[in-house]
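Trainee: model the following, please.
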Amino acid sequence: MSAPAFAAVRSIRLSATATLTLGLAVVLMASLALGSNPISPAQVVQALLDPASDVDSVVWGSRVPRTLLGIVVGFCLGVAGVVMQGQTGNPLADPGLFGVSAGASLAVVLGAFVLGHNSMTASLFLAMLGALVASVLVFAIATLSRDLANPVPLAIAGTAVSALLGAVISFLVLTNAASLEAYRVWVVGSLSGRGLDGLPPALVVAAVGLVLALLNVRSLNSLTLGTELAQGLGETLWRARLVGLGAITLTTASAVALAGPIGFIGLTAPHIGRALVGGNHCRLLPASGLVGAITLLACDVVGRVIGGLAEVPVGVVLATLGGVAFVVIVRRTKLAAL
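Mentor: Next up is the predicted model:
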């Protein structure tokens, strides 16, 4: 590629990143201004500047927390999706493939079944613990193959563990009313009614996961060439898999713990990111994270507006719109090469 052409491509990709940042700012303002309880923009600004004027706690009690949660959850799922697809070489891979969502869901159900806990704060910590335990179990099973350079054992182990945990969840919710209620509230995936109590510990876990994702960038770029060429370039594949698994686990666990299982973000955000900034993971990681945050917040706003006083959970909106969006992405970009 000639120097002028390279400069033009670089300029376009920088513009795409700037556009994504601007888009996040626009969606953020929409998230603060719009909701099932209509208040004027002037009242929103006044409440932001003077929390005492927020009489019904609409802004600080509801919109600010769910906006912050939406940004964190969407960004984490977008990054986890990129690492997942890069590690497995599968453009249809989703962060939940390693059993993280199933482990979190089982922990929440067990908390209601055994301990009687059904508060949001208790569910958050149980979900994070369950997600981490499930990922460790998946990795332990995959190591039995003694071939961690190959992503297939990890994917198979994740699928098997998810199926097993799903069966246990089904048994518990069908035999215990308290478990069913806790699972019903948890599994839908929503930003509504989620406070900021669990955000600080989730941010710490997510930050560690994001650092691991950044450390995995070189390996991900090498893996796009294939495992043999990656080894030829000096990559230690088992170490690359381990770092990637840690990044996926911690970022996804944080997101699932904060908002419950939310699909399609980790699946579609990487494809949109690749179409905008290319396949270099140094640019793709933040771009996919921004796409995830924008998509999740936008869908949450749509759920508030179309649902009236009975808001539509963001998980339902994503399940409805995400499938259509993914079909469009597949047809127009033909699953941009990893």
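
Trainee: mind listing what residue 315 touches?
Mentor: Contact analysis of residue 315 by C-beta atoms under 8 Å, 6 or more residues apart in numbering lists 188, 189, 190, 260, 261, 262, 263. Placement of C-beta: from N, CA and C, glycine included.

Trainee: any chance of JSON lines for these, columns neighbour count and distance to residue 278?
Mentor: JSON lines is the format used below for the contacts of residue 315 (neighbours: other C-beta atoms under 10 Å; distance: C-beta to C-beta, whole Å):
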{"residue": "188", "neighbour count": "18", "distance to residue 278": "35"}
{"residue": "189", "neighbour count": "23", "distance to residue 278": "30"}
{"residue": "190", "neighbour count": "23", "distance to residue 278": "34"}
{"residue": "260", "neighbour count": "26", "distance to residue 278": "32"}
{"residue": "261", "neighbour count": "19", "distance to residue 278": "30"}
{"residue": "262", "neighbour count": "29", "distance to residue 278": "26"}
{"residue": "263", "neighbour count": "18", "distance to residue 278": "26"}
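
Trainee: residue 52: neighbouring residues, count only.
Mentor: Per other C-beta atoms under 10 Å, the neighbour tally for residue 52 reads 7.

Trainee: would you mind measuring from it to residue 46?
Mentor: 10 Å (C-beta to C-beta, to the nearest Å).

Trainee: equivalent analysis for residue 284, please.
Mentor: Separation of residue 284 from residue 46 (C-beta to C-beta): 40 Å.

Trainee: more neighbours, the two?
Mentor: Using other C-beta under 10 Å, the more surrounded residue of residue 284 and residue 46 is residue 284, with 27 against 15.

Trainee: separation between the more buried one and residue 223?
Mentor: 13 Å.

Trainee: now residue 168
Mentor: The spacing between residue 168 and residue 223, counted by C-beta to C-beta, is 33 Å.

Trainee: more neighbours, these two?
Mentor: For the pair residue 168 and residue 223, the greater number of neighbours falls to residue 223 (25 against 14), based on other C-beta under 10 Å.

Trainee: might one say that that one is in contact with residue 230?
Mentor: Yes. Judged on C-beta atoms under 8 Å, residue 223 makes contact with residue 230 at a distance of 5.1 Å.
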